[in-house]
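Trainee: Below are the sequence and a predicted model; questions follow.
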Amino acid sequence: MSDTIYSEKAVAAFLAFYVRHLRDNDLEILSQYDVDHHVTELNVFILHDRNFRMKDIIPVLMKKHTSIINLLLEDLIANAHLNMEQLDTPQAWENWYLEQKAQIHEPER
């Protein structure tokens, strides 16, 4: 269980980014850094709980799934060498994600 506490602003920024990429079916890069499969756990909750619209899910995730979110963030920080102080907006997460995508080389044909 994680003892690390991230600021509410940082977690909300991450989740806004996360939910958008889940909706777009674009979580592959996050998944490569998630060694303990916390992405899968969050996705199961988000996709199977039809009581919430995507835009309303962030406060629910922050309230009910803090431990899973913190564990996922710990995996990302450790494995992708992230600095949470620099990732305090959805746009900062988006910029990081685009940088990661740019590093992926297409196979030669």
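Mentor: Perfect, I can see it now.
Trainee: Could you list the low-pLDDT ranges of the chain?
Mentor: 1-4, 49-51, 54-55, 105-109 (pLDDT under 70).
Trainee: at 50 what do you get?
Mentor: The model of the chain has pLDDT under 50 over residues 1.
Trainee: could you pull out the helices for it?
Mentor: 8-23, 28-33, 38-48, 57-64, 66-80, 90-102 (DSSP state H).
Trainee: Take the ones you listed and write them to CSV, including mean neighbour count.
Mentor: C-betas here are computed from N, CA, C, even on glycine. Below are these laid out as CSV (neighbours: other Cβ atoms under 10 Å):
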stretch, mean neighbour count
helix 8-23, 18
helix 28-33, 16
helix 38-48, 16
helix 57-64, 15
helix 66-80, 17
helix 90-102, 14
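Trainee: Now do the contacts for the nearest residue to Ala16 once chain neighbours are set aside.
Mentor: Nearest non-adjacent residue to Ala16, counting by Cβ to Cβ, 6 or more residues apart in numbering: Pro90, 4.2 Å away. By Cβ atoms under 8 Å, 6 or more residues apart in numbering, the residues touching Pro90 are Ala13, Ala16, Phe17, Arg20.
Trainee: Check Tyr97 too.
Mentor: Phe17, His21, Ile29, Leu30.
Trainee: nearest to Thr66, of these?
Mentor: Phe17 (17.0 Å; Cβ to Cβ).
Trainee: Show the contacting residues for the closest residue to that closest one other than its chain neighbours.
Mentor: In this structure, Phe17 finds its nearest non-sequential neighbour in Trp93, 3.6 Å apart by Cβ to Cβ, 6+ apart. Listed by Cβ under 8 Å, 6+ apart, the contact partners of Trp93 are Ala13, Phe14, Ala16, Phe17, Tyr18, Leu87.
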